[in-house]
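Undergrad: Build me a structure from this.
(one chain, ligands or ions: 2)
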Amino acid sequence: MDLPVIESSPPVTAGCSAGSCGSTASQMDGLSDDIRARVQDHPCYSEEAHHYFARMHVAVAPACNIQCHYCNRKYDCANESRPGVVSELLMPDQAVRKTLAVAATIPQMSVLGIAGPGDPLANPQRTFETFRQLALQAPDIKLCVSTNGLVLPEYVEELARYDIDHVTITINCVDPEVGARIYPWIFWKNQRVFGREAAAILIEQQQKGLEMLTARGILVKVNSVLIPGVNDHHLPEVSKIVKAKGAFLHNVMPLIAEAGHGTFYGVMGQRSPKPAELKALQDACEGDMNMMRHCRQCRADAVGLLGEDRGAEFTLDKIEAMDIDYEAAMVVRAELRAQIAADLAEKRAKAHAPAAPQVTPQVIHFQPHAAKPAPAAGRPVLMAVAAKNGLVAVHFGHAKEFLVYEASASGARLVGHRKAESYCAGDENCGDADLVLARTIQALKDCEVVLCSRIGYEPWGELEAAGIQPNGEHAMQPIEEAVIAVWNEMLVAGRLTAGSTAAKRA
Ligand code: CLF
Ligand code: SF4
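TA: Ligands and ions are numbered 1, 2, ... in the order given. Reported below is the predicted structural model:
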């Protein structure tokens with residue numbers, strides 16, 4: 001069968017090469033067949049799936065019923081978006097047409113989410129009319145919603161009616177004292193409630209909604225915004241509690257606060273966490289909970305694979321002009337999904353085959369999804385990867401983001417990502433190259449290695465001078481295989497003894 005060639009479509013025949021094989025694969029292995037089937041094509045609920053499947057958001061929900069200190073409603077919901085205005089607010093009919101247009105054009109688009117720019121459940125008519133129409137017209141698309149939780153309990157039944165299987169609740173605290181520093185007010189029973197009392201109501205509603213959803217078997221992801229000095233010490237407790245109540249995944253995201261966004265925190269100079277602080281907190285929560293590490297803090301109108309935005313291809317005027325045959329599209333989409341599922345199943349089967357004996361006990365061999373090798377004597381190393389579709393496939397100067405992996409004796413695991421501006425656009429913008437390169441190096445400063453498909457002479461030197469080793473030797477290799485290979489090289493070269501370079505970066 002010939003599948004359509006999509007620019008951003010991952011190479012589904014590339015074996016483990018196209019996927020993520022580390023800790024997330026282990027998490028997937030530990031799931032029941034039922035749960036695995038429900039998350040395996042959701043790019044947010046499965047790290048593995050995010051290499052293969054795309055999501056889209058439709059911005060049908062402008063209003064909100066609470067105020068968060070990190071949000072300015074002129075901009076996207078900071079819970080689920082990076083700052084920037086939503087390009088087009090949509091009515092339900094428009095949102096449905098856009099969804100069908102995207103799904104027909106990008107067959108790996110598996111999930112439609114409503115995530116703002118306000119709160120979807122504060123706009124129930126628009127949100128549920130969109131879901132109602134899509135459940136009828138596009139039954140092959142998973143529906144997903146993200147909410148602050150204030151009115152969640154009263155909509156659990158309706159969410160279940162439209163077979164909405166994935167719900168995200170943003171829970172930043174379980175203590176009203178902490179909450180009062182995040183939420184100045186909520187709108188509750190036709191009046192504004194302020195401070196601690198507002199936070200207490202919100203927390204109670206969130207917890208109740210979480211319990212009701214999990215009791216109905218709906219998968220719940222909890223998002224938390226990490227706000228240094230406000231809820232950083234509190235989030236491990238949040239993680240413990242939401243896990244105990246049945247949440248499936250916890251996504252701790254960094255606060256985005258810049259004065260130019262006009263948010264209270266931005267104007268007041270509240271700082272955002274550093275990447276190392278975010279990772280440390282995620283690590284601290286991980287003992288109790290599955291942690292999401294690949295969130296890209298999407299716009300409320302994002303389209304495409306996580307980390308890319310193809311929204312400009314689907315503006316209202318463009319989708320009006322499109323001829324959409326959704327019946328035919330569903331056939332193509334089903335074929336693509338079956339092919340990806342078969343490919344992943346084959347990889348898992350291979351992974352469960354007995355591992356070859358280790359040639360030397362010190363070096364890790366790449367065994368996708370296999371039992372972890374015996375610990376070797378080498379410290380963990382952070383490596384940034386310019387990646388596409390699960391491969392080391394991007395020129396350093398063209399990378400718009402870097403995935404950050406931690407390589408250690410236990411294997412390679414994704415621990416985050418860093419945004420970058422591509423400075424080598426080959427046009428007049430190259431005039432700012434020095435500035436952009438300096439910012440990229442700053443963003444990667446806790447990494448020891450950068451893996452990319454190619455890199456120029458000048459950035460090579462600048463990275464080395466900053467203590468970051470560029471590496472273009474593993475172009476087009478699967479990410480984890482490349483990361484482990486480099487870690488092994490460092491180990492053999494004696495660069496991973498305790499106290500060597502990484503310690504200075506901590
Ligand atoms: Fe959208 Fe959110 Fe559904 Fe995903 S995003 S409503 S669960 S389909 Fe995903 Fe984007 Fe992170 Fe959200 S990467 S911001 S977690
Ligand atoms: Fe903004 Fe979302 Fe908070 Fe509402 S819930 S104030 S839209 S961040």
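
Undergrad: Parallel or antiparallel, which strands does the helix or strand Val415 falls within pair with?
TA: Following DSSP states H and E, one finds Val415 within strand 411-419. Strand 411-419 has the following sheet partners, assigned by DSSP bridges: strand 401-408 (antiparallel).

Undergrad: so where is the stretch 1-150 of the chain shaky, pLDDT-wise?
TA: 1-30, 74-85 (pLDDT under 70).

Undergrad: can you map out the strands along it?
TA: Using DSSP state E, counting those that start in this stretch, the strands of the stretch 1-150 of the chain run over 54-57, 66-67, 109-114, 142-147.

Undergrad: which one of these lies closest to ligand 2?
TA: strand 66-67 (5.2 Å; CB to the nearest ligand atom). C-betas here are computed from N, CA, C, even on glycine.

Undergrad: close to ligand 2, is the closest one?
TA: Yes. Residues of strand 66-67 are located near ligand 2 by CB under 6 Å from any ligand atom, namely Ile66, Gln67.

Undergrad: What strands line up against that strand, and which way round?
TA: Strand 66-67 is paired, per DSSP bridges, with strand 185-188 (antiparallel).

Undergrad: okay, the strand holding Val415 in PDB with CA atoms only?
TA: Extracted in PDB, the C-alpha atoms of strand 411-419 (Å, rounded to 0.1, in the frame of the first residue of the first chain):
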ATOM      1  CA  GLY A 411      20.200   4.100  29.000                       C
ATOM      2  CA  ALA A 412      18.900   7.300  27.400                       C
ATOM      3  CA  ARG A 413      15.800   9.200  28.500                       C
ATOM      4  CA  LEU A 414      14.200  12.300  27.300                       C
ATOM      5  CA  VAL A 415      14.300  14.900  30.100                       C
ATOM      6  CA  GLY A 416      13.200  18.000  28.300                       C
ATOM      7  CA  HIS A 417      13.600  20.300  25.300                       C
ATOM      8  CA  ARG A 418      15.000  23.800  24.700                       C
ATOM      9  CA  LYS A 419      13.700  26.300  22.200                       C
END
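
Undergrad: Quick check: phi and psi on Ile169?
TA: The phi/psi pair for Ile169 (degrees, to the nearest 10) reads phi -120, psi 130.

Undergrad: So it versus Asn123, what's the distance?
TA: Here the criterion is CB to CB, to the nearest Å. By it, Ile169 lies 17 Å from Asn123.

Undergrad: Ok, Gly149 next?
TA: Distance from Gly149 to Asn123, by CB to CB: 15 Å.

Undergrad: Neighbour count for those two, which is higher?
TA: Ranked by neighbour count (other CB atoms under 10 Å), Gly149 and Asn123 place Gly149 first, with 26 against 20.

Undergrad: which parts of the protein sit against ligand 1?
TA: 44, 55, 57, 80, 111, 113, 115, 144, 146, 166, 168, 221, 251, 295-298, 306.

Undergrad: Among these, name the buried ones.
TA: 44, 55, 57, 80, 111, 113, 115, 144, 146, 166, 168, 221, 251, 295-298, 306 (16 or more other CB atoms under 10 Å).
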